[in-house]
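Undergrad: Attaching a predicted model along with its sequence, questions to come.
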Amino acid sequence: MSMSRKPSLLLGALVGALLTAPLLAIITLGQRLAGLPFLPSDFFNPVRDLTPGELLVFTIQRMVDVIIGLNLGRVDEVAKQVETAMAVGLIFIIGIISGVIFFWVFNRVERRTLPTAGIIGGLIVGIPMALISQAFGVTTTVEPKIVGALWLLLLFVGWGIAHAWVYGRLLASRDEKSTTDDVVRIDRRQFLVTLGTASATLTVVGAGLNALLNRDTAPSTPVEAQAVAQAVSDPTLPNANDPVQPAPGTRPEVTPVEDHYRIDISLIPPTIKEEDWVLPFTSSLGGSQEVLAEFTLDEIKGYDAVEAFITMSCISNRVAGDLISTTKWTGVRMQTLLQDVPLPENAAYLKITSADGFDETISLEQINNDPRIMLAYYWEEKPLTTEHGFPIRIHIPDLYGMKQPKWITGIEILAEDQEGYWVRRGWDKVARVRATSVIDTVAVEAAYSLGDEVRIPIGGIAWSGDRGVSAVEVSVDEGEWQPAQLRAPIGDRTWTIWRFDWAFAEGDHTFSVRCVEGDGSPQIEAVEGVRPRGATGHHSVTENGLTISGTPAPFPGVN
Ligand SMILES: Nc1nc2c(c(=O)[nH]1)N[C@H]1C(S)=C(S)[C@@H](COP(=O)(O)O)O[C@H]1N2
Ligand SMILES: [Mo]
């Protein structure tokens, strides 16, 4: 057999692609149907952690630019989709490269050794994949974890054998063509078309099933839709009697948990089983590693509970971005829990580690000074969802989300400070929230008349961590700053809803907002991007061709 008759390496790439696509579909189905590992995500995580911090952050920022620039939807949700696509693409590319290598090797072995070569090839690719998933993966819920690793290995061996089989067929179609006339000729092109069709069918069927299964998880309501749905405030909230009503179109004062923004380093959040979980406080300060105390979830819930409405924001939230939400947190004070942890003499820091490989450090001094710091187990009086950190996450007032780990699996007592996951990647060490204010709505449809004037409610939120908002001001068309009305916030750490009833004038207008913190410091006007300390700058919106139809009714309830 001459070399020229052997299938080319290019063909190897094609076959690699045709065989890896259905492999990915099967892996995805295995995750959906049986909780088996989602390899793309398991593989992506260590790759992400090994990516130099600057490059990682740059990539994420550009991704967010594109999402915002093209108005693709909620930043957190679209980002997850893009990351998933990248993770799947990575495995796909590895598959194509493997196809080339397979064909290169197959071209050099005896025909009868092809199956063995296929198996060995499958093992060479599959073993590292299975090991990575076993060691770093957080996507499988099947116990013991090795089952998932073996499943992957099995799939890869099958995939290796498939390469050998396809190669054999390609070779055979050539042989038969040249040597026999009476046998039905297996035309190589024909065979590739059949293979392509089979691959596409499997992949499409897999993707279709996935899409069907995906419908179980209800799509979240777009923020605008929720906001429009809210006409008046929720009567069960502590500020229900406040006469300042949110302008129609203002975001809900409390974010429904399913709409709470979500940011985490994994594509699929780690699933922790309550029975398997304990929270150990450990220390190596005495020389060897020792467990100082250990708490089950029930024990933690047994302590006096504290609850508070809390606004949290991602440090990556741009001015007026959607990575900010408010919900009710319940948990135990860190100070209370620490009373039952025998701390070593030189204890000074707590390093909090998470099931997804995330970590952050907080000083003991900070905890001792702030009784509000809590280990939370409920959001809206229900156990934390898998996405938001079940079973336990920490709340630290006034800091961006990056300092507050979810899915906590351990707390190590240290003598020295350590940089956390995002700090090591160039984000601010302190990550203290910077004041922000946002225009949610210019509610032309809610125009009303007041004397000779027509007024239009404009409204939104202002927030400065735990420092309070003492004033919000609005400027129209760069005119003088005028005070807005403030609705009492629902908590000492939540956003404040403001409202400014503007004396309407037709045409094009630009509205800007700024706030003042509780202690009188103004919101920073200078524009800064999110990195490294969080975004600053005023929010403005421009409305073109404002008109109102008909004669607006008088303001309800006011003379
Ligand atoms: N374990 C873990 N905790 C984490 C993260 C993470 O990726 N892993 N992300 C942090 C970041 S950057 C933010 S903004 C908040 C987001 O919390 P949420 O997704 O519940 O809104 O969680 C923080 N805690
Ligand atoms: Mo974040």
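TA: Great, that's in hand. Every value quoted in this text rests on a predicted model; they were computed, and no experiment measured them. Ligands and ions are numbered 1, 2, ... in the order given.
Undergrad: Run through the residues of the stretch 251-400 of the chain sitting next to ligand 1.
TA: Contacts of the stretch 251-400 of the chain with ligand 1, taken as C-beta under 6 Å from any ligand atom, map to His260, Tyr261, Arg262, Ile263, Asp264, Ile265, Cys314, Ser354, Asp356, Phe358, His388, Gly389. Placement of C-beta: from N, CA and C, glycine included.
Undergrad: so which of the residues you listed also contact ligand 2?
TA: Contacts with ligand 2 within those, counted by C-beta under 5 Å from the ion: Ile263, Cys314.
Undergrad: Just the residues of the stretch 251-400 of the chain next to ligand 1: which are in strands?
TA: Using DSSP state E, the subset of these located in strands is Ser354.
Undergrad: what sits against whatever residue of the stretch 351-500 of the chain ends up closest to ligand 1?
TA: Of all residues in the stretch 351-500 of the chain, Gly401 sits closest to ligand 1, at 2.4 Å by C-beta to the nearest ligand atom. Contacts for Gly401 (C-beta atoms under 8 Å, 6 or more residues apart in numbering) come out as Ile263, Met312, Ser313, Cys314, Ile315.
Undergrad: Sketch out the low-pLDDT regions of the chain for me.
TA: 1-5, 174-186, 214-233, 556-559 (pLDDT under 70).
Undergrad: Pick out the residue closest to the middle of it.
TA: Ile263 (3.2 Å; C-alpha atoms, centre = their mean).
Undergrad: My guess is that one contacts Asp76. True?
TA: Yes: contact criterion C-beta atoms under 8 Å: Ile263 and Asp76 qualify, at 5.9 Å.
Undergrad: anything in contact with each of the two?
TA: Joint contacts of Ile263 and Asp76 (C-beta under 8 Å, 6+ apart) are Leu323.
Undergrad: Okay, buried residues for the helix or strand harbouring Leu10 please.
TA: Assigned by DSSP states H and E, Leu10 falls within helix 9-34. Neighbour-count burial for helix 9-34 flags 11-32 (criterion: 16 or more other C-beta atoms under 10 Å).
Undergrad: sorry, back to before: how about the nearest residue to the residue nearest to the centre of the chain, chain neighbours excluded?
TA: Nearest residue to Ile263, sequence neighbours excluded (C-beta to C-beta, 6 or more residues apart in numbering): Cys314, at 4.9 Å.
Undergrad: show me what contacts that neighbour?
TA: Going by C-beta under 8 Å, 6+ apart, Cys314 touches Tyr261, Ile263, Leu323, Ile324, Tyr400, Gly401, Met402.
Undergrad: hmm, 7 Å instead?
TA: Tyr261, Ile263, Leu323, Tyr400, Gly401 (C-beta atoms under 7 Å, 6 or more residues apart in numbering).
Undergrad: Could you check how far the residue nearest to the fourth one when sequence neighbours are not counted is from Ala198?
TA: With C-beta to C-beta, 6+ apart as the measure, Ile315 is the residue that lies nearest to Tyr400, at 3.8 Å, once sequence neighbours are left out. When C-beta to C-beta, to the nearest Å is applied, the distance between Ile315 and Ala198 equals 47 Å.
Undergrad: Ramachandran coordinates for the closest residue to ligand 1 within the stretch 151-300 of the chain?
TA: Ranked by C-beta to the nearest ligand atom, the top residue of the stretch 151-300 of the chain for proximity to ligand 1 is Asp264, at 3.3 Å. In this entry, Asp264 is assigned phi and psi values of phi -150, psi 160 (degrees, to the nearest 10).
Undergrad: my guess is Phe92 is in a helix, correct?
TA: Yes: Phe92: assigned to a helix according to DSSP: H, G, I helix; E, B strand; the rest coil.
Undergrad: Report the contact partners of the nearest residue to it once chain neighbours are set aside.
TA: Closest residue to Phe92 apart from its sequence neighbours, by C-beta to C-beta, 6+ apart: Thr20 at 5.5 Å. Shown in contact with Thr20 (C-beta under 7 Å, 6+ apart): Phe92, Gly95, Ile96.
Undergrad: ok, Thr20 to Leu212 distance?
TA: 23 Å.
Undergrad: for Leu50, same thing?
TA: Taking C-beta to C-beta, one finds Leu50 at 35 Å from Leu212.
Undergrad: next one: Gly126
TA: Gly126 is 28 Å from Leu212, by C-beta to C-beta.
Undergrad: Assign a three-state SS to Trp329, would you?
TA: strand.
Undergrad: actually Ala162, sorry about that
TA: Under three-state DSSP, Ala162 comes out as helix.
Undergrad: can I assume it is in contact with Leu18?
TA: No: taking contacts as C-beta atoms under 7 Å, Ala162 lies outside contact range of Leu18: 9.3 Å.
Undergrad: sorry, back to before: for Gly126 and Leu212, indicate the residue with more neighbours.
TA: Higher neighbour count among Gly126 and Leu212: Gly126, with 22 against 10, using other C-beta atoms under 10 Å.
Undergrad: neighbour count winner among Ile315 and Ala198?
TA: Relative neighbour count places Ile315 above the other of Ile315 and Ala198, with 24 against 13, counting by other C-beta under 10 Å.
Undergrad: How far does stretch 327-337 sit from its chain's centre?
TA: 23 Å (C-alpha atoms, centre = their mean, to the nearest Å).
Undergrad: What of stretch 532-552?
TA: So, by C-alpha atoms, centre = their mean, the centroid of stretch 532-552 is 28 Å from its chain's centroid.
Undergrad: Please apply the same query to stretch 77-95.
TA: 14 Å.
Undergrad: One more: stretch 287-299?
TA: On C-alpha atoms, centre = their mean, the centre of stretch 287-299 falls 30 Å from that of its chain.
Undergrad: before we move on, what about stretch 371-389?
TA: With C-alpha atoms, centre = their mean, you get 17 Å for stretch 371-389.
Undergrad: Can you name the residues of the stretch 251-400 of the chain that neighbour ligand 2?
TA: Counting by C-beta under 5 Å from the ion, the stretch 251-400 of the chain sits next to ligand 2 at Ile263, Cys314.
Undergrad: residue in the stretch 251-400 of the chain nearest to ligand 2?
TA: Cys314 (3.1 Å; C-beta to the ion).
Undergrad: State the distance from Leu10 to ligand 1.
TA: 41 Å (C-beta to the nearest ligand atom, to the nearest Å).
Undergrad: And the helices in the stretch 201-350 of the chain?
TA: Secondary structure of the stretch 201-350 of the chain by DSSP state H, counting those that start in this stretch: the helices cover 223-229, 297-302, 334-338.
Undergrad: which residues sit against the shortest one?
TA: Helix 334-338 has contacts (C-beta under 7 Å, 6+ apart) with Tyr303, Asp304, Ile367, Asn368, Pro371, Ile373, Met374, Leu375.
Undergrad: now do 10 Å
TA: For helix 334-338, the surrounding residues in contact (C-beta atoms under 10 Å, 6 or more residues apart in numbering) are 279, 281, 293, 295, 299-300, 303-306, 331, 347, 350, 362, 364, 366-375, 394-396, 411, 413.
Undergrad: cool, the second one as well?
TA: Contacting residues not belonging to helix 297-302 are listed as 272, 274-275, 277-279, 293, 295-296, 330-332, 336-337, 340, 375-378, 383, 390-392 [C-beta under 10 Å, 6+ apart].
Undergrad: So which bits of it are buried?
TA: Leu297, Ile300, Lys301.
Undergrad: Rebuild these as CSV, extending it with distance to Arg111.
TA: Output for the buried residues of helix 297-302, formatted as CSV (distance: C-beta to C-beta, whole Å):
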residue, distance to Arg111
Leu297, 60
Ile300, 64
Lys301, 66
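Undergrad: Just the closest of these to Thr551, please.
TA: Lys301 (57.6 Å; C-beta to C-beta).
Undergrad: what's the spacing between that closest one and Ala34?
TA: 31 Å.
Undergrad: mind listing the strands for the stretch 51-200 of the chain?
TA: Here the stretch 51-200 of the chain has no strands by DSSP state E, counting those that start in this stretch.
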